[in-house]
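Peer 1: pasting the sequence and the predicted coordinates here, then a few questions.
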Amino acid sequence: MRHPTRHRTLFDSLIRYSIHGAGHRPVMVLHGWGSRALDMAPLVACLATEYRVYAVDLPGFGFSPPPPEPWNVTRYAEAMAELARAEGIDNGLCLIGHSFGGRIALRWAADPRIRDPLDRLVLLAAAGLRPRRNWRYYARRLMAQTLKSPFLLLPEPWRGRALERLRQSPLWRMLGSADYRHAQGVMREVFVRVVTDHLDALLAHIRLPTLILWGEQDHTTPLDQAYRLRDGIAGSRLVVLPQAGHYLFRDQPDTVCRLIREFLEATA
């Protein structure tokens, strides 16, 4: 059974989502940065045969417009918690987050103000931990600081205008990541706020049954982060999938779905 697409306005942001399946146990699926709910369709369809699955277009992606102001990870987590409450889910929710969606899941699960609907967590190549930097990162950072420094001496409003011109320049875009270059408008500031929010210290506050799935060939969120998540979340289980990359639910859809189902059944 597939329910019609729904829309809710939460924190002044319109959120589009759909509900799949007629099971009693709720599952919410959060996609990664630059993706959309539709990209998670194979996993959603597989789980919907037994569960009630909420597939969300996060604000700024898919059919959900960008938020009216730059959101941080906490605001995304609060919005998803509010969405669960609006759907009448006050407990028993399994939250599945891929990459950026995993970052939101970590923030939500660690926050005592909003975590009541959750009772289990599935992290698919979750982002959120402080990355290990190489010399190229520091070289780009030094160049960016060098480019900005003359403009910081200007008085307002010239400073703001000059910095905006700099951010639009090809050289500045080259220094940023591909995700930063592709972001437009308010989502560029959202991206900066998201990637600079490191959640390492929050892991000890997560007390939910947690399954961590990772692709052995993941070059976006390196494998060392999987082990750090496992060690930081008490009682969590890590499964590394050989021959899978960052989009492990595409590379090995049957295996990912089976592992999640087994996890849900074991923690029922």
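Peer 2: Structure's in. What do you need? Numbering: from 1, shown residues only.
Peer 1: burial check on Pro157, number of neighbours?
Peer 2: 8 (other C-beta atoms under 10 Å). (C-beta placed from N, C-alpha, C; glycine too.)
Peer 1: would you map the helices across the stretch 151-268 of the chain?
Peer 2: 158-168, 170-175, 178-182, 186-195, 223-232, 248-251, 253-266 (DSSP state H, counting those that start in this stretch).
Peer 1: and among these, the most buried is which?
Peer 2: Greatest average neighbour count among those goes to helix 248-251 (a mean of 21), per mean count of other C-beta atoms under 10 Å.
Peer 1: show me the residues around Ile114 that make contact.
Peer 2: Ala77, Glu78, Ala81, Trp108 (C-beta atoms under 8 Å, 6 or more residues apart in numbering).
Peer 1: what does Ile260 give?
Peer 2: Ile260 neighbours (C-beta under 8 Å, 6+ apart): Leu43, Leu47, Ile96, Val122, Leu211, Leu213.
Peer 1: most neighbours among the contacts of Ile114, please name it.
Peer 2: Trp108 (29 neighbours).
Peer 1: surely that residue touches Leu118?
Peer 2: Yes. Using C-beta atoms under 8 Å, Trp108 makes contact with Leu118 at a distance of 6.8 Å.
Peer 1: now do the shared contacts for these two.
Peer 2: With C-beta under 8 Å, 6+ apart, Trp108 and Leu118 have common neighbours Leu95.
Peer 1: how does the protein divide up, domain by domain?
Peer 2: Domain ranges of the chain: 6-130+198-266, 135-194, per automatic domain parsing.
Peer 1: from the contacts of Ile260, which is closest to Thr221?
Peer 2: Leu213 (11.6 Å; C-beta to C-beta).
Peer 1: what's the pLDDT at that closest one?
Peer 2: pLDDT, Leu213: 98.
Peer 1: that one: neighbour count?
Peer 2: 26.
Peer 1: ok, the contacts of Ile114 vs Thr9, which is closest?
Peer 2: Using C-beta to C-beta, those come closest to Thr9 at Glu78, 14.0 Å.
Peer 1: quick one: contacts for the closest residue to Ala126 other than its chain neighbours?
Peer 2: Leaving out its chain neighbours, the residue that sits closest to Ala126 by C-beta to C-beta, 6 or more residues apart in numbering is Gly102, at 2.5 Å. Neighbouring residues of Gly102 by C-beta under 8 Å, 6+ apart: Leu30, Gly32, Leu123, Leu124, Ala125, Ala126, Ala127, Gly128.
Peer 1: rewinding a little: among the helices of the stretch 151-268 of the chain, which is nearest Gly92?
Peer 2: Nearest to Gly92 among the helices of the stretch 151-268 of the chain is helix 253-266; the distance by C-beta to C-beta comes to 10.6 Å.
Peer 1: still on that earlier bit, got JSON lines for the contacts of Ile114, with secondary structure, pLDDT and distance to Ile233 too?
Peer 2: Converted to JSON lines, the contacts of Ile114 look like this (DSSP: H, G, I helix; E, B strand; the rest coil; pLDDT from 0 to 100; distance: C-beta to C-beta, whole Å):
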{"residue": "Ala77", "secondary structure": "helix", "pLDDT": "98", "distance to Ile233": "16"}
{"residue": "Glu78", "secondary structure": "helix", "pLDDT": "98", "distance to Ile233": "21"}
{"residue": "Ala81", "secondary structure": "helix", "pLDDT": "98", "distance to Ile233": "19"}
{"residue": "Trp108", "secondary structure": "helix", "pLDDT": "98", "distance to Ile233": "13"}
